[in-house]
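K.L.:
Provided below are the primary sequence and the corresponding predicted coordinates.
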Amino acid sequence: MLSYPNVVRTFLKMVELLESKKISLHDELEKFVLKSSFSNLAYVDGRKTAKKLGFDIWKDLKQKYSEEELKRILGINDLYTDSQAFPDFMFKSVSQDNQLIGGEILELKDSKGGNIASFNSTIPTEYKTLKEIERLNGSKGKIVVKIAEIFDENSSNPQWKIYKRKCFYLIRTYRGNRDNSKVSIVDGAFFETIPEKTLISSMFQNILNKHAEEYDIPDIVKENAKQVFQYLTDHTLISFSQDIPEASIKPRLRIMAEAKKEGNPHWNNYNIPSRTLNLIVKYDNESKIVKEIVEDSNLPINTLTVKHQNDGEFLVFSYKVR
């Protein structure tokens, strides 16, 4: 069973659109997604941007509700605002064999250079649940869920908010450069090469080590801190504003992430060609199903293998723009 059928269909549709010149490799990434998958989306974060591109996500619902009713149901003041929440897009879930699949998360990352744009809103991971997304976004989290509930017919399923949704990242490097531009839908596993909990606790340990280089910290304190850091693993709690007694401000830690060169699928050592649209997925049983679907499409897509320096093999389904 393929847990991310929507993303595969979206990739193939994008290839068709590129082949027919209905989109180009240099269009807005939002346009890539909306043109290929509009009817299959449960959540669009940039509603204002979508409308500007000719996609009104509320069009059908307005036949049932007035604009004021929709605002009241969702608890928002403007139906066409960009929420600036995570994720940029979420696909509708699929009920199959009495379980939910699909509902994939898709975040966009666009860059003028060869590095991936920073991950400002969340640490990239292979899976996330709606419960996690709700907490991650704070006050905006409930809006994300409420909008998705309206568009996803499976939202009444008890598992809908807690099943693991596969995360993908639509990244582009060398935006605007017609010779070097690359666009890829990347499996979150490419970035999450160690568990998120380990990553965060190790981050705090690194901070203490840096302090120990500058200040005299007793060994017993360092050892005790190491034990404490093992429990500081939830970045949704870390990123909350902190209410400190007698303080006139509420300090807040914001965890951001940058891809190292080995975590960048467009790194030259991975040999993904320029002027291509790619789907990059971890090599496993599901990727074998994807390979069959791609081959059956009869589209001009090549299959490559990338050996991730930290996380084994990934399959790359690559379309060269002609």
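P.N.:
Perfect, I can see it now.
K.L.:
Only C-alpha atoms from now on, for both contacts and neighbour counts.
P.N.:
OK.
K.L.:
Which parts of this structure are strands?
P.N.:
41-44, 89-91, 93-96, 99-102, 105-110, 127-128, 165-173, 182-187, 276-282, 302-308, 312-320 (DSSP state E).
K.L.:
Next, format those as JSON lines and append mean pLDDT.
P.N.:
Formatted as JSON lines, the strands of the chain follow (pLDDT from 0 to 100):
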{"stretch": "strand 41-44", "mean pLDDT": "98"}
{"stretch": "strand 89-91", "mean pLDDT": "98"}
{"stretch": "strand 93-96", "mean pLDDT": "95"}
{"stretch": "strand 99-102", "mean pLDDT": "96"}
{"stretch": "strand 105-110", "mean pLDDT": "97"}
{"stretch": "strand 127-128", "mean pLDDT": "96"}
{"stretch": "strand 165-173", "mean pLDDT": "98"}
{"stretch": "strand 182-187", "mean pLDDT": "98"}
{"stretch": "strand 276-282", "mean pLDDT": "98"}
{"stretch": "strand 302-308", "mean pLDDT": "96"}
{"stretch": "strand 312-320", "mean pLDDT": "97"}
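K.L.:
Residue 19 is nearest to which of those?
P.N.:
With CA to CA as the measure, strand 312-320 is the member of those nearest residue 19 (9.4 Å).
K.L.:
ok, now how distant is residue 268 from residue 262?
P.N.:
With distances taken as CA to CA, to the nearest Å, residue 268 is found 10 Å from residue 262.
K.L.:
wait, I meant residue 222
P.N.:
Counting by CA to CA, the gap from residue 222 to residue 262 is 31 Å.
K.L.:
neighbours around residue 280, how many?
P.N.:
26 (other CA atoms under 10 Å).
K.L.:
Under the pLDDT cut-off, which ranges of the stretch 1-150 of the chain? List them.
P.N.:
The stretch 1-150 of the chain contains no residues with pLDDT under 70.
K.L.:
show me what contacts the residue lying closest to residue 17 once chain neighbours are set aside?
P.N.:
Nearest non-adjacent residue to residue 17, counting by CA to CA, 6 or more residues apart in numbering: residue 23, 5.7 Å away. Each residue near residue 23 by CA atoms under 8 Å, 6 or more residues apart in numbering is listed here: 17, 31, 32.
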